[in-house]
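Enquirer: Have a look at this fold, sequence not included:
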């Protein structure tokens with residue numbers, strides 16, 4: 001039985017490919033990564049690399065010892081380093097006659113739905129052409145408002161965008177452990193995680209002096225990836241060959257599972273793969289548009305809604321002004337906002353103070369709004385038939401259309 005072609009995203013941190021002290025590229029690891037990607041490509045799979053390292057390579061090129069604090073200087077070093085980093089990747093892949101493409105992203109690039117779809121189409125065309133895309137955050141332009149924050153998050157959003165089967169997060173340990181194995185000899189490996197919310201593991205790794213991520217950012221990335229239906233795997237960056245072995249093992253076990261349903265024989269079991277942690281994807285993954293609403297857009301404010309409005313939204317109705325209790329932040333039409341469910345309380349009490357009483361209300365989703373914050377403040381709690389008289393116009397009877405609302409997972413019972 002032939003193995004089906006997969007789409008595999010491999011995320012490499014700065015510390016995985018650039019020496020922390022000398023800032024020199026670790027050629028031995030880079031070469032192994034290229035060989036691994038080539039093997040996967042020969043097996044018929046689509047491969048995407050999410051590669052950090054531009055600032056690290058820029059430091060080496062400019063003979064600067066420490067990462068600077070000043071943002072324009074960091075961005076300038078990223079500009080110097082990015083072209084050298086891509087030149088390095090291109091040179092290594094060219095030995096195996098594999099073309100590569102550079103894709104630099106910021107949140108702004110995917111905040112517009114059309115641009116998000118254009119990015120998806122670009123990836124699809126590159127796969128059709130047999131090209132390996134190499135993705136990085138556009139550190140030359142990105143500021144805090146439009147940054148993904150770290151390439152773990154970027155890799156998860158990329159994996160969702162390309163509808164990947166596997167997302168590999170390469171790190172300095174084999175897998176997740178119940179405690180820090182460097183300090184606790186009784187630490188046990190966690191090989192499979194079926195429910196991330198119940199995960200009890202040591203995530204105290206803080207990342208390197210060059211990188212921005214640690215183990216906690218990988219857990220966040222795994223939550224994003226699995227919510228989009230992507231099997232997410234943590235494995236050791238110094239052994240890139242593990243990726244190929246793990247993929248083959250998972251494919252073989254899947255084929256055995258399929259074969260066992262058709263045959264009563266006892267087939268040979270595949271060789272166990274290297275140690276890794278595998279996060280099982282959600283059985284009800286978020287669809288592409290919903291994922292974009294939740295994770296592609298930066299929320300500009302918050303709408304506080306009542307339980308009646310929340311129940312109506314779950315039944316596929318839109319958000320009416322009557323269900324809005326409060327507004328926080330300044331935003332315009334067609335901008336993203338958080339949706340938070342709260343108890344219905346007196347209008348004069350809803351000016352933010354309630355957040356300080358008891359447990360903080362829980363965000364249940366995101367929405368693209370039909371009206372700006374100043375308009376929603378005027379129409380909240382009112383019937384839709386009053387919008388015209390209150391605003392002088394009525395673009396829509398809904399504050400947000402149902403198709404422009406997406407819920408986070410595991411929020412069936414929001415607390416207040």
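Expert: Arrived safely. Nothing here was measured: the structure is a model prediction, and the numbers come from that model.
Enquirer: Tell me the buried residues in the helix or strand of the chain with the lowest mean pLDDT?
Expert: Ranked by mean pLDDT, DSSP states H and E, the weakest helix or strand in the chain is helix 107-111, scoring a mean of 77. Neighbour-count burial for helix 107-111 flags 107, 109, 110, 111 (criterion: 16 or more other Cβ atoms under 10 Å). All C-beta spots, glycine's among them, are computed from the backbone N, C-alpha and C.
Enquirer: Nearest residue to the second one in space, please, no chain neighbours.
Expert: To tie it back to what came earlier, the one meant is residue 109. In space, and not counting its chain neighbours, residue 109 is closest to residue 115: 5.8 Å by Cβ to Cβ, 6 or more residues apart in numbering.
Enquirer: residues near that neighbour, how many?
Expert: Burial of residue 115 is recorded as 14 neighbouring residues (other Cβ atoms under 10 Å).
Enquirer: Quick check: which element contains it?
Expert: According to DSSP states H and E, residue 115 maps onto helix 113-128.
Enquirer: right, and the helix or strand after that helix?
Expert: strand 132-137.
Enquirer: Look up how far residue 107 lies from the residue nearest to residue 109.
Expert: 11 Å (Cβ to Cβ, to the nearest Å).
Enquirer: Report the contact partners of the closest residue to residue 160 other than its chain neighbours.
Expert: For residue 160, ignoring the flanking residues on the chain, the nearest one in space by Cβ to Cβ, 6+ apart is residue 228 at 3.7 Å. The contact partners of residue 228, taken as Cβ atoms under 8 Å, 6 or more residues apart in numbering, are 156, 159, 160, 281, 282, 285, 286, 291.
Enquirer: Tell me the one of those nearest residue 315?
Expert: Distance ranking of the contacts of residue 228 against residue 315, using Cβ to Cβ, places residue 286 first at 18.6 Å.
Enquirer: Relative to residue 365, how far out is that closest one?
Expert: 11 Å.
Enquirer: and what of residue 31?
Expert: 45 Å.
Enquirer: now the strands for the stretch 151-300 of the chain?
Expert: 166-171, 176-177, 189-190, 192-193, 231-236, 277-279 (DSSP state E, counting those that start in this stretch).
Enquirer: okay, now residue 95: neighbour count?
Expert: 11.
Enquirer: cool, residue 313 as well?
Expert: Residue 313 has 23 nearby residues by other Cβ under 10 Å.
Enquirer: And for the one 10 residues further on?
Expert: The burial metric for residue 323, expressed as a neighbour count using other Cβ under 10 Å, is 24.
Enquirer: what's the helix or strand for the residue nearest to it when sequence neighbours are not counted?
Expert: Among residues not flanking residue 323 along the chain, residue 309 sits closest, at 2.5 Å (Cβ to Cβ, 6+ apart). For residue 309, the host element (DSSP H and E) is helix 307-314.
Enquirer: So what touches that helix?
Expert: Here helix 307-314 makes contact (Cβ under 8 Å, 6+ apart) with 305, 319-320, 322-324, 339, 341, 343-344, 364-365, 402, 405, 407, 414.
Enquirer: Can you name the residues in contact with stretch 185-199?
Expert: Counting by Cβ under 8 Å, 6+ apart, 174-181, 201-202, 219, 222-223, 226, 275-280, 410 sit against stretch 185-199.
Enquirer: again, only using 10 Å
Expert: 173-181, 200-202, 219-220, 222-223, 225-227, 232, 234, 273, 275-282, 409-410 (Cβ atoms under 10 Å, 6 or more residues apart in numbering).
Enquirer: still on that earlier bit, where do the contact lists of residue 286 and residue 365 overlap?
Expert: Contacts common to residue 286 and residue 365, judged by Cβ under 10 Å, 6+ apart, are 293, 294, 406, 407, 408, 409.
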